[in-house]
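Visitor: Any chance you could fold what I've pasted below:
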Amino acid sequence: GGFVTCLDVSSGNIRYQAGGTLTISRLAPSGNVALKAGTSVVDNADAGAEDVSAAGLLIEAGTDIGSAANPVETTVITLTGSSAGSGGTFVVEADALIVDTLTVAVNRVLDTGVVSGTMTTQTQADVVAANNGPIVLDVGGSLTVNAGDGDDEGIRAIGNGHLRLDVSGFVSLQAGVRTDAGHISIVAVDDITQGGASNVKGDITSGTGTIDVESSAGKITMFNGNSAATSGADIRYLAVGAGGPFAPVQSGELSVGDISAGAGVVSLKATTITDSGTSDIDVTAAGLRIETTHASGGAGTGVLPLHTAVTTVSASTGTAGLFLSETTDLVVDTVGPVTVNRVGLDGTTLTPQTDAAQSDLTSTGALAVVTVNGSLTINGGGDGTGVSATGNILLQTGETGEGAEDDVDDIALNALVISSAGHISLNAADDVTQAAAGDLQTQGLGMTIDVLAASDTTMVDGATATTNNGDVRYQAVAGNLTLGEVIAGTGKVALLAD
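Guide: Coordinates of the predicted model:
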C-alpha cells in the first residue's frame, strides 16, 4: 500500500510496481518500461520534463495516469495504458507514437543472489480508461492506433469519458476508437486515415457523444467498411487541405466510408468529397450538410455518387458537381447549424465547433439527385431557390417492389430549380408536382427542359417552365397533364399524356 518514487534510471528493460502511488521523474532505458501502481502513476511535478524515454511504455494504474495539469511526458515508440480511475489518462509524446500491445520482461533477483528461473513478465494492449475517465493523447509526431489484443479496438473510454487525440503529424486508425457516452475529438495537422484497403477495424464510435474529426492541412480517408457512429449525436468531418489558391483539390479530400448519426445531423466539409466504396450507404442521419471548399471540388461522381439514407439534405459544391443516391424519401431544405464538441486538452472543457445553417443544393458543375425508392421534395430553405447549378440537372425518383403507381415516389417542387448553362431533366416514378413557386428555368441559350412522370404531372396555377429559346417536353405516361405556363421563346414545346 506504499508508494515508489523513480528518479534517473537506465538499463535494458525496467519495471516498477507500487501498491499505492508511483511517482516518476526520468526513466531512460535502452529497452521497454512497465509501470504498475495500485493507485496512480504521476509525474514528479516537473512539468515539461521528459519522464520516460524508451522503446515502449506500459502503464497500468489502479486510478489515474498523469493529470491534465501534469501529464506523463514521453519519448517512446509504443504505448499501452490502462487507468481505472475517473481521472483518466494524460500522455504527452514528443514524437511519433504507436498504440499497440507490449510485453516487458525483467529478471527478479532472489535472496540467494541469483535470478529467478522465470522472468517477471507483463503484457498489455491498447489505451483504456475505465470509470468515466477521459483519454488525452497529445502527440508531437504521427499517431498509429493498432488492435494489439485482437478485439478491434485500440483506444477505449469506458463510460462517459471524453477522448482527445491531438496530433502534429498524421493519424492512422488501424483499430477502433470508442467511448460509450463521451465526446470524441481527433484533431491532426496532416492526413487522417481510418482502416486500409483490407482493414475495416478503424471505426470511431461515441454513443451519445458527438464526433469531431479535423485535418487542418491534410485529407481524410475512410477506407470502405470503416465507420463513424453515434446514437443520435452530431458528426462533423473537416478536411482543410494544404490551402492557397493553387493547392490541388485532392489536398483536402474527404473519402467517406460509413457515417451514421441516427437522429443526429452530419456535416461533411472538404476541398472535395468522394465515396470510398461502391453501393454501401455512406451517410445515415436525420440531416446531411455537404460543403466543398475548392472551386474544383465536388461531392460524389456520376459513376460513384454518395449513397445516403437521410431525411434532409443541403449541399454546396464546385465544378466537379453534386451526385447523390438516396435510399428512400429525401427533402432538400435547410440543414443545421451543425455543432460538435471539441474536447479540450484537459479532457473536460468542451468548445462548440459549428458549421452554419445551409439551404438548397448548389453546384457550379452538374447536379444529379436520385432516390432508389422514395419521393423527392425541393424546398427553398431561406429563399425561393431550391436547386441551382451551372451545368445539367437531373432530379429522379425510383420505385422498387410496388409494381404499380402509388403516389409515394413523387417529385414535388416547392422552390425554383434553375440551371445557368445546362439542361434540366425530371424523371418521377410516380407524379411530378410544381407548386406556384416550383418553377423550372434554364438560362443558357437553347438549353432544354424535360419532365417525365410515370403518372400525373401537375403545374398549379402560377408555376412556370422557362427556357432561353430551348425546347420543352412534358410527358405524363399513365396520367393527366395539368399545365401552368410554359415559356420557350423560339423553342418548341411537346405535351404528352395518356
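
Visitor: Farthest from the middle of this structure: give me that residue.
Guide: Relative to the centre of the chain, and counting by C-alpha atoms, centre = their mean, the farthest-placed residue is residue 112 at 59.7 Å.

Visitor: Just the pLDDT at that one, thanks.
Guide: Among the per-residue scores, residue 112 holds a pLDDT of 72.

Visitor: before we move on, what about residue 404?
Guide: According to the predicted model, the pLDDT of residue 404 comes to 57.

Visitor: for stretch 206-218, which positions count as buried?
Guide: Of the residues in stretch 206-218, those with enough neighbours to count as buried (16 or more other C-beta atoms under 10 Å) are 206, 207, 208, 209, 210, 211, 212, 213, 214, 215, 217, 218. In short, each C-beta sits where N, CA and C put it, glycine included.

Visitor: Take the residues you listed and keep only those in helices.
Guide: Taking DSSP state H as the definition of helices, these contribute nothing to them.

Visitor: As CSV, the residues you listed with pLDDT and distance to residue 276 would be great.
Guide: Converted to CSV, these look like this (pLDDT from 0 to 100; distance: C-beta to C-beta, whole Å):
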residue, pLDDT, distance to residue 276
206, 96, 21
207, 92, 24
208, 95, 26
209, 98, 24
210, 98, 22
211, 98, 17
212, 98, 20
213, 98, 14
214, 98, 18
215, 97, 15
217, 94, 21
218, 95, 16
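
Visitor: So which of those belong to strands?
Guide: Counting by DSSP state E, the part of the buried residues of stretch 206-218 found in strands is 211, 212, 213, 214, 215.

Visitor: which residues does residue 192 form a beta bridge with?
Guide: Each beta-bridge partner of residue 192 is listed here, defined by DSSP bridges: residue 171, residue 220.

Visitor: so how far is residue 170 from it?
Guide: 7 Å (C-beta to C-beta, to the nearest Å).

Visitor: Identify the contacts common to these two.
Guide: Each of residue 218 lies in contact with both residue 192 and residue 170 under the rule C-beta atoms under 8 Å, 6 or more residues apart in numbering.

Visitor: between the two, who's got more neighbours?
Guide: Neighbours around residue 192 and residue 170, counted as other C-beta atoms under 10 Å, are more numerous at residue 192. The numbers are 27 against 19.

Visitor: my read: the more buried one touches residue 216, true?
Guide: No - judged on C-beta atoms under 8 Å, residue 192 makes no contact with residue 216 at a distance of 10.3 Å.

Visitor: list the contacts for residue 378?
Guide: Neighbour list for residue 378: 332, 386, 387, 395, 411, 412, 413, 414, 415, 417, 438 [criterion: C-beta under 8 Å, 6+ apart].

Visitor: where's the most centrally placed residue in the chain, which helix or strand?
Guide: Nearest to the mean C-alpha position of the chain, by C-alpha atoms, centre = their mean, lies residue 237 at 4.2 Å. In this structure, residue 237 is located in strand 235-239 according to DSSP states H and E.

Visitor: and residue 423, how many residues sit next to it?
Guide: 20.

Visitor: For the stretch 201-350 of the chain, just list every one of the helices.
Guide: Applying DSSP state H, counting those that start in this stretch to the stretch 201-350 of the chain gives no helices.

Visitor: coming back round to it: quick check: bridge partners of the residue nearest to the centre of the chain?
Guide: For residue 237, the beta-bridge partners under DSSP bridges are residue 213, residue 268.

Visitor: try residue 33
Guide: Beta-bridge pairing of residue 33 under DSSP bridges involves residue 14, residue 57.

Visitor: again with the one 4 residues further on
Guide: When assigned by DSSP bridges, residue 37 has beta-bridge partners residue 18, residue 61.

Visitor: ok, residue 364 touching residue 322?
Guide: No - under the criterion of C-beta under 8 Å, residue 364 makes no contact with residue 322, lying 9.8 Å away.

Visitor: Look at the two and report which has more neighbours.
Guide: Under the neighbour definition other C-beta under 10 Å, residue 364 and residue 322 were set side by side, and residue 322 has more, 30 against 23.

Visitor: Quickly note the distance from that one to residue 359.
Guide: Applying C-beta to C-beta, the value for residue 322 to residue 359 is 14 Å.

Visitor: same deal with residue 376?
Guide: Separation of residue 376 from residue 359 (C-beta to C-beta) stands at 16 Å.

Visitor: same thing with residue 26?
Guide: Distance of residue 26 to residue 359, computed by C-beta to C-beta: 58 Å.

Visitor: Neighbour count for the two, which is higher?
Guide: residue 359 (20 against 17).

Visitor: wait, doesn't that one sit right on residue 333?
Guide: Yes - assessed by C-beta under 8 Å, residue 359 is found in contact with residue 333 at 6.7 Å.

Visitor: Any idea what residue 309 is bridged to?
Guide: Applying DSSP bridges to residue 309 yields these beta-bridge partners: residue 284.

Visitor: Now do the contacts for it.
Guide: If you count contacts by C-beta under 8 Å, 6+ apart, residue 309 has them with 281, 283, 284, 285, 326, 327, 328.

Visitor: And residue 191, by the same measure?
Guide: Each residue near residue 191 by C-beta under 8 Å, 6+ apart is listed here: 170, 171, 215, 218, 219, 220, 221.

Visitor: Kindly report the same for residue 99.
Guide: 78-80, 126-127, 137, 143-146, 148, 154-155, 175.

Visitor: go on, residue 313?
Guide: Applying C-beta under 8 Å, 6+ apart, one finds that residue 313 lies in contact with 287, 288, 289, 290, 324, 326, 330, 331, 332, 335, 361.

Visitor: surely the second one meets residue 312?
Guide: The one in question is residue 288. Yes - taking C-beta under 8 Å as the definition, residue 288 is a contact partner of residue 312 at 7.3 Å.

Visitor: Identify the residues contacting the closest residue to residue 28 other than its chain neighbours.
Guide: Taking C-beta to C-beta, 6 or more residues apart in numbering, and ignoring the residues beside it in sequence, residue 28 has residue 53 as its nearest neighbour in space, at 4.3 Å. For residue 53, the contacting residues are 26, 27, 28, 74, 75, 76, taking C-beta under 8 Å, 6+ apart as the criterion.

Visitor: how deep is the second one tucked in, by neighbour count?
Guide: The number of residues packed near residue 27 is 22, by other C-beta under 10 Å.

Visitor: how far away is it from residue 57?
Guide: Relative to residue 57, residue 27 is positioned 9 Å away (criterion: C-beta to C-beta).

Visitor: and for the two, which residues touch both?
Guide: The contact lists of residue 27 and residue 57 share residue 33, where a contact means C-beta under 8 Å, 6+ apart.

Visitor: Any figure for the gap between the closest residue to residue 72 other than its chain neighbours and residue 346?
Guide: Sequence neighbours aside, residue 66 is the residue nearest to residue 72 in space, at 4.0 Å (criterion: C-beta to C-beta, 6+ apart). According to C-beta to C-beta, residue 66 and residue 346 sit 12 Å apart.

Visitor: Looking at the two, which one has more neighbours?
Guide: Taking other C-beta under 10 Å, residue 66 and residue 346 do not tie; residue 66 has more neighbours (27 against 14).
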